[in-house]
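Colleague: only geometry, no sequence info:
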């Protein structure tokens, strides 16, 4: 009976993790298609097909470094059970759906980390006392991730500003309509690049969580990320992207600043390069934060008033709130779920 319960919990965790992956796909789809839709290079339907294809294609390009960091490098697996992971996922999904409904482009990645941490800390406190509340936290993994929470939007902003300034210098004597014509084709490449990087980083987070759940349930002797878990994670995210994040596209692509094909290209390329750096460093990074920073950097090239800083301020507050809010939800779910934890 215990084995059956363990198996059911493991299957449930996989299903909920994939549900989070799907929500991440349609929530963060806006990151890679907002600019290409805003500049009217592609229609929304064609844009999500484009993004979904490259989101999934990342499974053939990148290794599992980010998955291993999320699965075993931030929360000690000694303090984790399938129920803990399930509670964390529910916390992340709940926060993602709330922010999606209010059209706020927050980080699904940080919601996942927050929900997971909140559930693990609560579980540890309930079973070993309040003094053990912080024991599940692996400080080295969190310090690097928190550092990139700050650096990712700044790096995106700086690269976006630099690329936009370089574009202006190179095309200074070319008529605006010709410049737009050139960058309409270039934006196809930059949007694909950003979608590829979104898949490379975000789908691996779900793969890491699923692998962690299977390891803690006793199905692996050592923590590993099986190929079938990767395929499931990338495929589900691609499917979620196909359904699109139209509510957030409006905020990202139109409300922050006005974009032309050239500025859209610069924003997408800047964001993709920033995410590539984080992926190579094996760090989970927020695609939303990085893309927003890049759009702000591009928009500020002409004058600071070209950016709607009020909208940016609201987004920044949502970023600050994401990890603690998801952690609180994950903690509350854990308090309810601890009664059915077989351990």
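Modeller: Happy to help now that I have it. For clarity, every value in this text was computed on a predicted model and none was experimentally measured.
Colleague: any weak-confidence spans in the protein?
Modeller: Low-confidence segments of the chain (pLDDT under 70): 1-4, 27-32, 34-35, 38-39, 103-105, 244-259, 302-316, 318-319, 339-343.
Colleague: Helices of that one, residue ranges please.
Modeller: Listed in chain order, the helices of the chain (DSSP state H) span residues 2-38, 44-57, 65-72, 82-101, 108-128, 139-170, 176-198, 204-216, 227-243, 246-250, 261-280, 287-299, 309-337.
Colleague: Could you verify my assumption that residue 327 touches residue 122?
Modeller: No. With contact defined as CB atoms under 8 Å, residue 327 does not count as touching residue 122 (9.0 Å). Glycine gets a C-beta too; all of them are placed from N, C-alpha and C.
Colleague: Hmm, residue 177 and residue 261 touching each other?
Modeller: No. The pair residue 261 / residue 177 is not scored as a contact, 10.5 Å apart, by CB under 8 Å.
Colleague: what sits against the residue nearest to residue 112 when sequence neighbours are not counted?
Modeller: Leaving aside its chain neighbours, residue 112 sits nearest to residue 92 (4.3 Å; criterion: CB to CB, 6 or more residues apart in numbering). By CB atoms under 8 Å, 6 or more residues apart in numbering, residue 92 lies in contact with 20, 108, 111-112, 114-116, 326, 330.
Colleague: where's residue 92 relative to residue 119, distance?
Modeller: 10 Å (CB to CB, to the nearest Å).
Colleague: shared neighbours of those two, anything?
Modeller: residue 330.
Colleague: one step back: which residue of residue 261 and residue 177 possesses the greater neighbour count?
Modeller: Under the neighbour definition other CB atoms under 10 Å, residue 261 and residue 177 were set side by side, and residue 261 has more, 23 against 7.
Colleague: can you count the residues close to the closest residue in space to the more buried one that isn't next to it in sequence?
Modeller: Of all residues not flanking residue 261 in the chain, residue 183 sits nearest, at 3.7 Å (CB to CB, 6+ apart). Using other CB under 10 Å, the number of residues around residue 183 comes to 22.
Colleague: Quick check: residue 183 touching residue 265?
Modeller: Yes. Residue 183 lies in contact with residue 265 (CB under 8 Å); the separation is 4.9 Å.
Colleague: Isn't residue 294 up against residue 265?
Modeller: No. Using CB under 8 Å, residue 294 is not in contact with residue 265, being 10.8 Å away.
Colleague: out of the two, which sits in the busier spot?
Modeller: Shown here are residue 294 and residue 265; by other CB under 10 Å, residue 294 has more neighbours (34 against 30).
Colleague: check contacts around that one.
Modeller: Residue 294 makes contact with 156-157, 159-160, 266-268, 270-271, 274 under the criterion CB under 8 Å, 6+ apart.
Colleague: And those, which is closest to residue 66?
Modeller: Set against residue 66, the nearest of the contacts of residue 294 by CB to CB is residue 274 (14.3 Å).
Colleague: Residue 189 and residue 198, how far apart?
Modeller: In terms of CB to CB, residue 189 sits 15 Å off from residue 198.
Colleague: if you count what's nearby, which of these two comes out ahead?
Modeller: Neighbours were counted for residue 189 and for residue 198 using other CB under 10 Å; residue 198 has more, 29 against 12.
Colleague: surely the more buried one meets residue 275?
Modeller: Yes. In this structure, residue 198 is within contact of residue 275 by CB under 8 Å, at 7.0 Å.
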